[in-house]
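*Asks:* return a 3D structure for these sequence lines:
(one chain, ligands or ions: 2)
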Amino acid sequence: MLTLDNINSLYGKSHVLFDVSIDVREGEIVTLLGRNGAGKSTVLNSILGLVPNVIGKIKFNGISLVGLLTHEIVELGVCLIPEQRDIFQILSVEENLQIAQKGNSQWEIKDIYELFPRLEERKKNGGGQLSAGEQQMLAIARALLNGPKILLCDEPSEGLAPVIIQEIVSTLQRIKESGIPILLVEQNLRVCEKLADRHYIFEQGRVIHEFKKDDFLSPESAAIKYKYLSV
Ligand SMILES: Nc1ncnc2c1ncn2[C@@H]1O[C@H](COP(=O)(O)OP(=O)(O)O)[C@@H](O)[C@H]1O
Ligand SMILES: [Mg+2]
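*Replies:* Ligands and ions are numbered 1, 2, ... in the order given. A predicted model of the protein is given here:
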């Protein structure tokens with residue numbers, strides 16, 4: 001449903017992505033892996049129209065995204081949860097949720113409180129008073145209320161305690177089961193192995209390997225993980 005075909009992305013004269021071809025199919029969680037600076041966030045930003053110069057084809061449900069404005073891409077149901085977890089610090093949790101709610105979303109605030117009971121407990125608190133894990137939950141919640149058809153998620157587990165990571169993992173699993181595919185940038189290998197149907201490994205702006213879930217768990221993948229992911 002989302003296809004990138006030979007994408008080259010540039011920030012000014014700085015050429016960051018080289019002939020990147022990836023796809024996300026109906027019902028999948030797909031991860032992008034690679035060291036810092038490999039170009040993973042640039043892939044997500046290129047899809048959203050946030051990189052000034054993108055050459056190549058990006059199609060979402062048959063619609064070409066290259067050249068569209070970011071808000072037009074968002075209106076098609078492509079939703080990005082950026083690494084810095086855009087939430088409104090001065091609004092309460094509930095206000096953050098209320099302004100995110102769109103009429104055409106299959107998710108309502110009551111569903112969000114069921115998914116994240118923690119957010120209901122904290123609903124009167126300001127966004128800025130939340131822990132990092134709660135902020136990530138709120139960022140995911142806001143994305144769901146927007147009625148996404150696909151979710152792009154940039155390092156959701158970054159800086160979170162293991163027990164919170166568990167919660168985020170099971171939430172992403174439930175989102176997938178609700179029918180929303182996810183393109184996930186993630187450094188935590190355990191999270192990737194648990195969640196993803198397929199993996200793309202990036203190195204210096206190129207896709208150098210693609211793995212299916214089972215192949216990624218096989219002993220043969222260990223050398224590649226060691227070489228390109230430093231594990
Ligand atoms: N806004 C920007 N302007 C110029 N260069 C950028 C910008 N954002 C990222 N880069 C460069 O693009 C490369 C890939 O970055 P990024 O996509 O953030 O990697 P990753 O997410 O894999 O850590 C890096 O060399 C980075 O310095
Ligand atoms: Mg990044």
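
*Asks:* okay, and the spatially most central residue of the chain sits in which element?
*Replies:* With the centre of the chain defined as its mean C-alpha position, the nearest residue by CA atoms, centre = their mean is C153, 1.4 Å away. For C153, the host element (DSSP states H and E) is strand 150-154.

*Asks:* ditto for F216
*Replies:* Element membership for F216, per DSSP H and E: helix 213-217.

*Asks:* CA atoms of that helix as PDB?
*Replies:* The C-alpha trace of helix 213-217 is given here as PDB (Å, rounded to 0.1, in the frame of the first residue of the first chain):
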ATOM      1  CA  LYS A 213      10.900 -12.100  10.200                       C
ATOM      2  CA  ASP A 214      12.100 -15.700  10.400                       C
ATOM      3  CA  ASP A 215      15.300 -15.000   8.500                       C
ATOM      4  CA  PHE A 216      16.100 -12.200  10.800                       C
ATOM      5  CA  LEU A 217      16.000 -14.600  13.700                       C
END
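
*Asks:* in CSV, list the C-alpha atoms belonging to the helix or strand just after the strand holding C153.
*Replies:* Sequence-wise, the next helix or strand downstream of strand 150-154 (DSSP H and E) is helix 162-177. Extracted in CSV, the C-alpha atoms of helix 162-177 (Å, rounded to 0.1, in the frame of the first residue of the first chain):
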residue,chain,number,x,y,z
PRO,A,162,12.0,-1.6,29.7
VAL,A,163,8.5,-2.0,31.3
ILE,A,164,7.3,1.0,29.3
ILE,A,165,8.8,-0.4,26.2
GLN,A,166,6.8,-3.5,26.7
GLU,A,167,3.7,-1.5,26.9
ILE,A,168,4.5,0.4,23.7
VAL,A,169,5.3,-2.9,21.9
SER,A,170,2.0,-4.4,22.8
THR,A,171,0.2,-1.2,21.8
LEU,A,172,1.9,-1.2,18.4
GLN,A,173,0.8,-4.9,18.0
ARG,A,174,-2.8,-4.0,18.8
ILE,A,175,-2.7,-1.1,16.3
LYS,A,176,-1.5,-3.5,13.6
GLU,A,177,-4.3,-5.9,14.5
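
*Asks:* what is helix 162-177 packed up against?
*Replies:* Contact partners of helix 162-177 among helices and strands, from 3 or more CB pairs under 8 Å, 6 or more residues apart in numbering; DSSP states H and E: helix 132-145, strand 182-185, helix 189-195. For glycine as for every other residue, the C-beta is placed from the backbone atoms N, C-alpha and C.
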